[in-house]
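Q: Sequence first, then the predicted structure, then my questions.
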Protein chains: 2
Amino acid sequence: MAQLSDSIEQFIKELMSEEAQIELRRNELAQHFGCAPSQINYVLATRFSVDHGYIIESRRGGGGYVRIVRMRQESSGSLLDALLKRVGNSVSEDTATAIIQHLYDLKLVTQNEAQIMRAAISRNALSLPINAKDILRAAVLSNMLVQVFRNHEEAKRNDV
Amino acid sequence: MAQLSDSIEQFIKELMSEEAQIELRRNELAQHFGCAPSQINYVLATRFSVDHGYIIESRRGGGGYVRIVRMRQESSGSLLDALLKRVGNSVSEDTATAIIQHLYDLKLVTQNEAQIMRAAISRNALSLPINAKDILRAAVLSNMLVQVFRNHEEAKRNDV
DNA sequence: TCCAATTTGACCATCTTTGACTTTATTATA
DNA sequence: TATAATAAAGTCAAAGATGGTCAAATTGGA
């Protein structure tokens, strides 16, 4: 519990609660948490990936830095395309969960909706061999994605 | 007759008498009962399944855990039971759709949520032989049902 | 006795943490 | 200006820490 990676993730998210973009020193942060610097890369890779709606930029050498940018909302049409492409024919539970979280962050789905979606694609629900699981999950998730965007378009139309 | 599984079940239920949700370490618990870790999985599968009104979530690796979430067994509890029973191990798309419609009529889900659920269990999403489709649909729908009721309980709690 | 439920163990999958080695940028020095 | 020293950050693979799965073996009750 209170896993190192989780703490670092929280720390960064707090830093970003105000700003849409922050810069940090990898080594400083590592020192702050008393861990290996590469641990920071691990956290960035697993919690601040593009699937999670972030972009990472960095520079090495003196005055180096790591910049974390929260992606702005893309026009929803192209976002759907991107997500469907990302899902493809097979998707792991982790990736699927990250995508759903991303939708929630963008306020494209409510918390309840996100939880229902997670329930639909969870390991528990899909009791099949793993390979088949990923394939099926992709199909279920894709279908839900399309529906979410449809709902969203519908809402926009009624709003106007 | 004080089977191991029964003891473990009791133990967990006592832990949950206060909380609606607990987290435990599979290995620790197994050690506590001096049994194989997989025994815990057996107990969870046979006594804390979705049919019993529980959701299991877990994580592997360092800081891993097993989380058990209980539905509150109240008014809507019996409806959930009835629905889960109706779904059983296998359910057609028509029946599933009817159930979702029913939830909507009762205002237990919003229109958007209903549509997402329909998307998740549609023929389209489950690209498998028909038999398997019905079985899988039952699992996905059950999981979503429990989640819906859980959301609803949560909302009630916050409302008061 | 027979069958279903239980128990166990071997093997698998996933997640985290660390460290050795690499790459790149800046700064100091010959 | 080259070159060396220093200061970052990146990569990757190994080790460690959990939980999951499945099927064989065992057990307890009808």
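A: Now that the structure is in, tell me what you want to look at.
Q: Need the three-state assignment for the nearest residue to A:M144 once chain neighbours are set aside.
A: Once flanking residues are discounted, A:M144 sits nearest to B:A119: 4.8 Å by CB to CB, 6 or more residues apart in numbering or on different chains. (C-beta placed from N, C-alpha, C; glycine too.) Secondary structure state of B:A119, per DSSP: H, G, I helix; E, B strand; the rest coil, is helix.
Q: Correct me if wrong: B:A119 contacts A:N143.
A: Yes. Using CB atoms under 8 Å, B:A119 is in contact with A:N143, at 4.3 Å.
Q: Touching both of these two, which residues are there?
A: Residues touching both B:A119 and A:N143 (CB atoms under 8 Å, 6 or more residues apart in numbering or on different chains) are B:A125.
Q: Which elements pack onto the longest helix along chain A?
A: Counting residues, the longest helix in chain A under DSSP state H turns out to be helix A:130-159. Secondary-structure packing of helix A:130-159 (3 or more CB pairs under 8 Å, 6 or more residues apart in numbering or on different chains; DSSP states H and E): helix A:76-87, helix A:93-105, helix A:111-121, helix B:111-121.
Q: right, is that helix up against DNA strand D?
A: No. Helix A:130-159 lies out of reach of DNA strand D by CB under 7 Å from any atom of the strand, never closer than 7.9 Å.
Q: what's the distance between that helix and the middle of its chain?
A: Here helix A:130-159 is found 16 Å from its chain centre; the criterion is CA atoms, centre = their mean, to the nearest Å.
Q: in it, what's buried?
A: By neighbour count on 16 or more other CB atoms under 10 Å in any protein chain shown, the buried set for helix A:130-159 is A:133-149, A:151-152.
Q: Checking the closest residue to DNA strand C within chain A next. Helix, strand or coil?
A: Per CB to the nearest atom of the strand, A:G61 is where chain A lies closest to DNA strand C, at 2.3 Å. Put simply, A:G61 is coil when judged by three-state DSSP.
Q: okay, now it: neighbour count?
A: Look at A:G61: counted by other CB atoms under 10 Å in any protein chain shown, it has 5 neighbours.
Q: secondary structure element for A:N27?
A: Following DSSP states H and E, one finds A:N27 within helix A:26-33.
Q: Just the CA trace of that helix, in PDB.
A: Extracted in PDB, the C-alpha atoms of helix A:26-33 (Å, rounded to 0.1, in the frame of the first residue of the first chain):
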ATOM      1  CA  ARG A  26      14.100  13.900 -12.600                       C
ATOM      2  CA  ASN A  27      17.000  13.500 -10.100                       C
ATOM      3  CA  GLU A  28      15.600  16.000  -7.600                       C
ATOM      4  CA  LEU A  29      12.300  14.200  -7.600                       C
ATOM      5  CA  ALA A  30      14.000  10.800  -7.200                       C
ATOM      6  CA  GLN A  31      16.000  12.200  -4.300                       C
ATOM      7  CA  HIS A  32      12.900  13.600  -2.700                       C
ATOM      8  CA  PHE A  33      11.400  10.100  -2.800                       C
END
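Q: How is chain A partitioned into domains?
A: A:4-70, A:76-159 (automatic domain parsing).
Q: Worst mean pLDDT among the ones you listed?
A: Among those, domain A:76-159 carries the lowest mean pLDDT, a mean of 85.
Q: how far is it from where the chain is centred?
A: Using CA atoms, centre = their mean, the offset of domain A:76-159 from its chain centre is 12 Å.
Q: Name the residues of chain A found near chain B, please.
A: Applying CB under 8 Å from any CB of the partner chain, we find that chain A lies next to chain B at A:1-3, A:5-6, A:109-110, A:112-113, A:115-120, A:122, A:124-128, A:136, A:139-140, A:142-144, A:146-148, A:150-151.
Q: ok, and of the residues you listed, which contact DNA strand C?
A: With CB under 7 Å from any atom of the strand as the criterion, the residues of chain A next to chain B include A:Q3, A:S5, A:D6 near DNA strand C.
Q: With distance to B:L83 as added columns, please give the domains of chain A in a markdown table.
A: Supplementary listing: the domains of chain A in a markdown table, determined by distance: least, CB to CB, whole Å:
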| stretch | distance to B:L83 |
| --- | --- |
| domain A:4-70 | 33 |
| domain A:76-159 | 14 |
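Q: Deepest-packed of those, please.
A: domain A:76-159 (a mean of 18; mean count of other CB atoms under 10 Å in any protein chain shown).
Q: How is the nearest residue to A:I135 once chain neighbours are set aside assigned, secondary-structure-wise?
A: Using CB to CB, 6+ apart and skipping residues adjacent in sequence, the residue nearest A:I135 is A:S90, 4.9 Å away. Secondary structure for A:S90, judged by three-state DSSP, is coil.
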